[in-house]
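> Fold the following.
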Amino acid sequence: LLLAALVAHAQIQPLTLIDVATWASVCLIAPCILGGYCILRNWPSSTRDEPSIELSALTSRFVLLDALPLVGVQVLSYGLAQFDIWMVGTLYSADDLSVYAVARRMSLLVAIPLTQMSLVIAASISELNAQNDHTRLRSVVRFAANSSFVMTLLLCSLMLAGGGDLLAMLFGAEFRAGAGVLGILCVGQIVFALTGPCGTVLMMTGRMRTALLIMLASMTIYAAVPVAANYGLEGMAMIFTLFTATNNLLQWLAVRSIFGFGTHAWPDWQSVSRYLQTLGCGMSQLLVRVTGRPTPIGTCNASTQIQD
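Residues are numbered from 1 along each chain as shown. The predicted model follows:
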């Protein structure tokens, strides 16, 4: 949506920083408003007037203690997501920083399928874990991993085959030099998608401390930054790729050790077909809820649901 708005605006008049910030804000707020409207419209009326349940002091203490590792993971995730950019800005020129930052942002597009799928199944992971139903938990996790890996592989193939041309077309000819950086970063995103939603499984099953310890251990790779800096922007990209791969592989091993199954993707044609059917079903339900009218896509049936 943001990309379409920027392209349309650029056809009318040249973009400025204020224009980009404005459109980014609009594209961020609009889905929140639409989501809130859908939630309120479909919220059961019988629960709106129920009295709220106050947590006891002991329960609140346990909630806060469990939340601390979660806060630590979120803070480290944000910091580490920017750390390589900060290092490039410190060690290299502003031109090199702009090339690296653009390639870095482009590589994040590859992670969108698994990131979004992890958000969709997060509640199901928690519920199935509480029911001790690890068979269905494995089924849901594998479905998410297989579905997102297919999309990730397609995006990575596009960026690996024509990353330089893509960067030059979107940002200018001077950014073609970021093709090598983009290719290296895409390798890390492939590992991220291949290992599946292992981090989400750990977080949603109460293993926040395990996820935090794994992230702290993976951070030791950044000690090699002084060595990687001798190899230019590609060396910095390699460091971030190694961190991403190490962190996700350790999380995958932790899930396999705890639950007895892996979260890795193993796609087949059946998984691809079910993913496309489920995607069409979700779009149909969204249109029905927003417009209140049936769509030509039809309604979902039992064949489009995640099966064990």
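
> Just the buried residues of the helix or strand hosting residue 212, please?
In this assignment (DSSP states H and E), residue 212 forms part of helix 208-218. For helix 208-218, the neighbour count (16 or more other C-beta atoms under 10 Å) marks 208, 210, 211, 212, 214, 215, 218 as buried. The way it works is simple: take the backbone N, C-alpha and C, and place the C-beta from them, glycine included.

> Which SSE is immediately downstream of that helix?
helix 225-228.

> what sits up against that following helix?
Residues from elsewhere that reach helix 225-228 (C-beta atoms under 8 Å, 6 or more residues apart in numbering): 87, 235, 236, 238, 239.

> what's the farthest-apart pair in the residues you listed?
Farthest apart among the contacts of helix 225-228 by C-beta to C-beta are 87 and 238. That separation is 12.5 Å.

> sorry, back to before: turn the buried residues of helix 208-218 into JSON lines, including pLDDT.
Shown next, in JSON lines, are the buried residues of helix 208-218 (pLDDT from 0 to 100):
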{"residue": "208", "pLDDT": "86"}
{"residue": "210", "pLDDT": "90"}
{"residue": "211", "pLDDT": "89"}
{"residue": "212", "pLDDT": "88"}
{"residue": "214", "pLDDT": "92"}
{"residue": "215", "pLDDT": "90"}
{"residue": "218", "pLDDT": "90"}
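
> tell me the mean pLDDT for the helix or strand containing residue 140?
Per DSSP H and E, residue 140 falls inside helix 134-171. Averaging pLDDT along helix 134-171 yields 86.

> Show me which positions of that helix end up buried.
Across helix 134-171, burial judged by 16+ other C-beta under 10 Å covers 137-153, 155-156, 159, 163-164, 166-168, 171.

> which residues sit in contact with the residue nearest to residue 248 when sequence neighbours are not counted?
Leaving aside its sequence neighbours, residue 248 sits nearest to residue 195 (C-beta to C-beta, 6 or more residues apart in numbering; 4.2 Å). Listed by C-beta under 8 Å, 6+ apart, the contact set of residue 195 reads 145, 248, 249, 251, 252, 263, 264, 265.

> helices or strands next to the helix or strand where residue 115 lies in the packing?
Residue 115 is part of helix 112-130 when elements are defined by DSSP H and E. Helices and strands touching helix 112-130, by 3 or more C-beta pairs under 8 Å, 6 or more residues apart in numbering; DSSP states H and E, are helix 134-171, helix 179-194, helix 198-204.

> low-scoring stretches of this structure, by residue?
43-66, 267-280, 282-283, 286-308 (pLDDT under 70).

> measure the spatially most central residue of the chain to residue 226 for me?
With distances taken as C-alpha atoms, centre = their mean, residue 115 lies nearest the centre of the chain, 2.2 Å away. Distance check for residue 115 against residue 226: by C-beta to C-beta, to the nearest Å, it reads 31 Å.

> for the residue lying closest to residue 259 once chain neighbours are set aside, what are its contacts?
Leaving aside its sequence neighbours, residue 259 sits nearest to residue 134 (C-beta to C-beta, 6+ apart; 5.7 Å). Residues in contact with residue 134 (C-beta under 8 Å, 6+ apart) are 128, 259, 260, 261.

> From residue 8, how far off is the nearest residue in space to residue 199 that is not next to it in sequence?
Spatial nearest neighbour of residue 199, chain neighbours left out: residue 251 (5.2 Å); criterion: C-beta to C-beta, 6+ apart. According to C-beta to C-beta, residue 251 and residue 8 sit 40 Å apart.

> Of those two, give the one with the bigger neighbour count.
A count of neighbours by other C-beta atoms under 10 Å puts residue 251 above the other of residue 251 and residue 8, at 26 against 10.

> Within the helices and strands, which one has that one?
In this assignment (DSSP H and E), residue 251 forms part of helix 232-259.
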